[in-house]
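S.K.: just coords:
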């Protein structure tokens, strides 16, 4: 089962990370958290890892609608978008909110999940297809 949407991007890691953040903003998302996994693992474990960034993205309007329907939904938020380097290639991946929100068994969330999924896919595609 796939729980995300992934595309390979062209360019350097830093520029792609910036482009993803800009594309998220165009789709109404703010970045609530930005975790540099490479840096964290180096500091905490002394491990060298390829660049890997986790962006916790949130669209306030859609989050508010979803939380109004399912108060415990905050356990599944924000929506993560990752940028990572593997075999000298850079990939962008966004969580699939339909799969993620499927664990709630709340049919009322389906429309919101579909909209978030479409927006996140546009973000990934916009950067990957530059």
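M.R.: That came through fine. Predicted, not measured: the structure shown is a model, and the values here were computed from it.
S.K.: gap between residue 33 and residue 102?
M.R.: Distance, residue 33 to residue 102, by Cβ to Cβ, to the nearest Å: 23 Å. C-beta coordinates here come from the backbone N, C-alpha and C atoms, glycine included.
S.K.: more neighbours, the two?
M.R.: Taking neighbours as other Cβ atoms under 10 Å, residue 33 and residue 102 compare with residue 102 leading, 14 against 11.
S.K.: residue contacts, that one?
M.R.: Residues counted as contacts of residue 102 (Cβ atoms under 8 Å, 6 or more residues apart in numbering) are residue 113.
S.K.: equivalent analysis for the one 4 residues further on, please.
M.R.: Under the criterion of Cβ under 8 Å, 6+ apart, the contact partners of residue 106 comprise 69, 70.
S.K.: give me the distance between residue 64 and residue 29.
M.R.: Distance from residue 64 to residue 29, by Cβ to Cβ: 13 Å.
S.K.: tell me which of these two has more neighbours.
M.R.: Per other Cβ under 10 Å, whichever of residue 64 and residue 29 has more neighbours is residue 29, with 25 against 10.
S.K.: chain neighbours aside, what residue packs nearest to the more buried one?
M.R.: residue 57 (4.3 Å; Cβ to Cβ, 6 or more residues apart in numbering).
S.K.: sweet, I'm off.
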